[in-house]
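Trainee: the following block contains a protein sequence and its predicted model.
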Amino acid sequence: MKFFLFISLFGFCWGQYDPQTQYGRTAIVHLFEWRWVDIAKECERYLAPKGFGGVQVSPPNENIVVYNPSRPWWERYQPISYKICTRSGNEDEFRDMVTRCNNVGVRIYVDAVINHMCGAGGGAGTSSTCGSYYNANNRDFPSVPYSAWDFNDGKCDGEINNYNDANQVRNCRLSGLLDLALEKDYVRTTVANYMNHLIDMGVAGFRLDAAKHMWPGDIKAVLDKLHNLNTQWFSQGSRPFIFQEVIDLGGEAIKGSEYFGNGRVTEFKYGAKLGTVIRKWNGEKMAYLKNWGEGWGFVPSDRALVFVDNHDNQRGHGAGGASILTFWDPRMYKMAVGFMLAHPYGFTRVMSSYRWPRNFQNGKDVNDWIGPPNNNGVTKEVTINPDTTCGNDWVCEHRWRQIRNMVAFRNVVNGQPFSNWWDNGSNQVAFGRGNRGFIVFNNDDWSLSTTLQTGLPAGTYCDVISGDKIDGNCTGIKVTVGSDGKAHFSISNSAEDPFIAIHAESKL
Ligand code: QV4
Ligand code: CA
């Protein structure tokens, strides 16, 4: 009995760090603002066959409808109730998506907005995605229900304006958003009921929005109320995967490490620093990536959720600044995502965006609010073109060959050590993952031509960046590895994608 007690306790205290993906699937994709019906189809037609582990979805609970500006993406971060009813779809469509994705081994992670409700200036009425009445002026949300004593007005009735005061950051309003009193058991139970409703449908875990603005102990009290995952798809006793949005670039009162007990945290230093290195700003160069990870002051790898960009900082919201690489700079972006997916540090999330008409004025994109592709507010379908790209202004970065193939690379090298690092002291670098994979970058302004130890078995390998291995042939560059594990690499600095990646499953 002691043994099983040990296992269940041990299992219990580890579960929240484990993404609960099907074995060997090591990356998730954020299908930002997608509709549930489109995600269900994408799981079956693309994500499962290409080895994606799961999908982070936009907040599924009812939110305020904002008309000024017209239907901004950020209205979904202003809850009105916990009814599963938004522009992405209704509860039946959500449930169908979770079932169909789980049935093909692709997990669903929900963006849980549980720190607050709508803005204090949200007014009153039924301008909400499911028509629920609310009155922000007197903190009345009858469809939950929440009323005035469920909010922190008594502790702090103003906005956060000092990020060096931990009490302010947790008890005051982020951007004027009505702050929930999460020390109250009623609020904790109400939030947990919402999350358990999702868990019972088959959801595998949660992104906790604005976690920095909640006390770690209050979050833990909510998590302790959560059910184990649905045994239709998960083993008995499995715990929901938790990753907390905590923006910690250093220099503030609150540290990501305060939240380690609850689950993983988003490591925003990752994308900010990688963007600076790939852009070669401030004297940064890829040779410095030799000790990438904890060596750069990031949180421990098994507590990190990492990404190149996210829905905030790809449009100047949140943190990360101008160095953040996005789909708008595709050549550098593919290198950054390729590097992230090849390197062992952290649990990786790929961003999948929509295009919007950026309009920079005085260095700021005044169109940063524009919501998903839509017809009079109704989110457009994700259409798939004959060349497998997406239409209707969905960017589908996760379908770009270089990114899709690096998701597969990460799966193939899973568990293998970081090995065989080489650099030219500048921006030409290479490294392997044990005997299962090897990648070479040329980000210098001159060509790379060198012979490197790959650690791989002898043979001919297809480069998965310039092409694919199809019917026993390489559609792109071929690399020959000798019996000594060495191979010659040539990469022009003007190549479309100046990096080469080979792995055990791209071998002819
Ligand atoms: C305005 C005024 C306030 C006023 C308020 C009154 O600015 O001074 O008190 O009206 O109602 C939108 C508007 C913002 C408006 C607010 C409330 O942009 O001007 O305040 O609504 O009406 C997203 C957007 C925000 C947006 C918010 C709610 O980024 O612009 O605010 O949704 O719609 C910090 C946090 C971090 C956060 C990041 C953006 O530590 O947690 O800022 N990131 C997460 C999400 C992000 C989301 C939120 C948190 C809030 O990733 O997308 O903010 O849920 O770094
Ligand atoms: Ca708070």
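Mentor: Structure received. Ligands and ions are numbered 1, 2, ... in the order given.
Trainee: in this protein, which helix has the most residues?
Mentor: Ranked by residue count under DSSP state H, the longest helix found in the chain is helix 185-201.
Trainee: mind giving me the packing neighbours of that one?
Mentor: Helices and strands touching helix 185-201, by 3 or more CB pairs under 8 Å, 6 or more residues apart in numbering; DSSP states H and E, are strand 79-86, helix 91-103, strand 107-112, helix 216-223. In short, each C-beta sits where N, CA and C put it, glycine included.
Trainee: among these, which is nearest ligand 2?
Mentor: Nearest of the helices and strands packed on helix 185-201 to ligand 2, taken as CB to the ion: helix 216-223 at 8.4 Å.
Trainee: using CSV, write down the CA coordinates of the next helix or strand after that closest one.
Mentor: Reading on from helix 216-223 to the C-terminus, the next helix or strand found by DSSP states H and E is strand 241-244. Once side chains and other backbone atoms are set aside, the C-alpha atoms of strand 241-244 remain, and they are given as CSV (Å, rounded to 0.1, in the frame of the first residue of the first chain):
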residue,chain,number,x,y,z
PHE,A,241,-1.1,20.8,-17.1
ILE,A,242,-0.6,24.3,-15.8
PHE,A,243,1.4,27.1,-17.4
GLN,A,244,1.1,30.5,-15.8
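Trainee: in its sheet, what does the following helix or strand past strand 241-244 sit against?
Mentor: Scanning forward in sequence from strand 241-244, with DSSP H and E defining helices and strands, the next element found is strand 264-266. In its sheet, strand 264-266 lies beside strand 241-244 (parallel), strand 304-306 (parallel), with partners assigned from DSSP bridges.
Trainee: nearest to ligand 2, of those?
Mentor: Comparing those by CB to the ion, strand 241-244 comes nearest, at 13.0 Å.
Trainee: who are the contact partners of H343?
Mentor: For H343, the residues meeting the contact criterion (CB atoms under 8 Å, 6 or more residues apart in numbering) are 292-293, 418, 431.
Trainee: repeat the analysis, applying 7 Å as the threshold.
Mentor: H343 makes contact with 292, 418 under the criterion CB atoms under 7 Å, 6 or more residues apart in numbering.
Trainee: could you do W421 as well?
Mentor: If a contact means CB under 7 Å, 6+ apart, then W421 has 290, 431 as its contacts.
Trainee: spatially nearest residue to the residue sitting nearest the centre point of the chain, not counting backbone neighbours?
Mentor: The centre of the chain sits closest to R349, judged by CA atoms, centre = their mean, with a distance of 3.9 Å. With CB to CB, 6 or more residues apart in numbering as the criterion, R349 has its nearest non-adjacent residue at 4.4 Å, and that residue is F307.
Trainee: also F151?
Mentor: Computed as CB to CB, 6+ apart, the closest residue to F151 that is not its neighbour in sequence is R139, at 5.0 Å.
Trainee: just say which of the strands paired with strand 264-266 is most tucked in.
Mentor: Most buried of the strands paired with strand 264-266 by mean neighbour count (mean count of other CB atoms under 10 Å) is strand 241-244; its value is a mean of 26.
Trainee: for the record, mean pLDDT for that strand?
Mentor: Averaged across strand 241-244, pLDDT comes to 98.
Trainee: OK, contacts around the residue of the stretch 151-300 of the chain found nearest ligand 1?
Mentor: Here the residue of the stretch 151-300 of the chain nearest ligand 1 is G176; by CB to the nearest ligand atom that distance is 2.1 Å. With contact taken as CB under 7 Å, 6+ apart, G176 is in contact with 119-121, 159.
Trainee: one step back: ok, now which ones touch the residue nearest to F151?
Mentor: When contacts are counted by CB under 7 Å, 6+ apart, R139 touches 146-148, 151, 178.
Trainee: so which of the residues you listed sit within strands?
Mentor: With strands taken from DSSP state E, the overlap with the contacts of R139 comprises L178.
Trainee: which of the contacts of R139 are buried?
Mentor: Among the contacts of R139, those classed as buried by neighbour count (16 or more other CB atoms under 10 Å) are 146, 151, 178.
Trainee: nearest to C390 among those residues?
Mentor: L178 (36.1 Å; CB to CB).
Trainee: leaving out sequence neighbours, find the closest residue to the closest one.
Mentor: Of all residues beyond its chain neighbours, the one nearest L178 is M117 (4.7 Å), with distances taken as CB to CB, 6+ apart.
Trainee: that neighbour: what's it in contact with?
Mentor: 79-80, 141, 146, 178, 180.
Trainee: ok so, going back, which phi and psi does the residue of the stretch 151-300 of the chain closest to ligand 1 have?
Mentor: Dihedral angles phi and psi of G176 (degrees, to the nearest 10) take the values phi 80, psi 10.
Trainee: what residues are bridge-paired with the residue nearest to the centre of the chain?
Mentor: Under the criterion used (DSSP bridges), R349 bridges to I28.
Trainee: okay, now the residue nearest to L182 when sequence neighbours are not counted: neighbour count?
Mentor: If the residues on either side of it in the chain are set aside, L182 comes closest to D218, at 3.8 Å by CB to CB, 6+ apart. Each residue near D218 was counted by other CB atoms under 10 Å, and the total is 20.
Trainee: E183 is in contact with D218, correct?
Mentor: Yes. With contact taken as CB atoms under 7 Å, D218 and E183 are classed as touching, separated by 5.8 Å.
Trainee: now do the buried residues in stretch 431-444.
Mentor: Residues 431-444 are the ones in stretch 431-444 that count as buried (16+ other CB under 10 Å).
Trainee: and what of stretch 235-254?
Mentor: If you call a residue buried by 16+ other CB under 10 Å, then stretch 235-254 has these buried ones: 238-248, 254.
Trainee: got it, and stretch 408-428?
Mentor: The neighbour-count check on stretch 408-428 (16+ other CB under 10 Å) flags 408-413, 416, 418-420, 422-424, 427-428 as buried.
Trainee: next, give me the two most distant ones among those.
Mentor: Of all pairs drawn from the buried residues of stretch 408-428, the one with the longest distance (CB to CB) is N411 and N424, at 29.4 Å.
Trainee: before we move on, the earlier item: what's the distance between the residue nearest to L178 and V378?
Mentor: Computed as CB to CB, to the nearest Å, the M117 to V378 distance reads 25 Å.
Trainee: just the helices in the stretch 301-450 of the chain please.
Mentor: Taking DSSP state H, counting those that start in this stretch to define them, one finds helices in the stretch 301-450 of the chain at 330-342, 401-412.
Trainee: buried sites along the first one?
Mentor: Spelled out, it's helix 330-342. 330, 332-342.
Trainee: likewise stretch 316-335?
Mentor: If you call a residue buried by 16+ other CB under 10 Å, then stretch 316-335 has these buried ones: 316-320, 323-327, 330, 332-335.
Trainee: can you tell me if it touches ligand 1.
Mentor: Yes. On the criterion CB under 6 Å from any ligand atom, stretch 316-335 is in touch with ligand 1 at 317-319.
Trainee: I appreciate the help and will end here.
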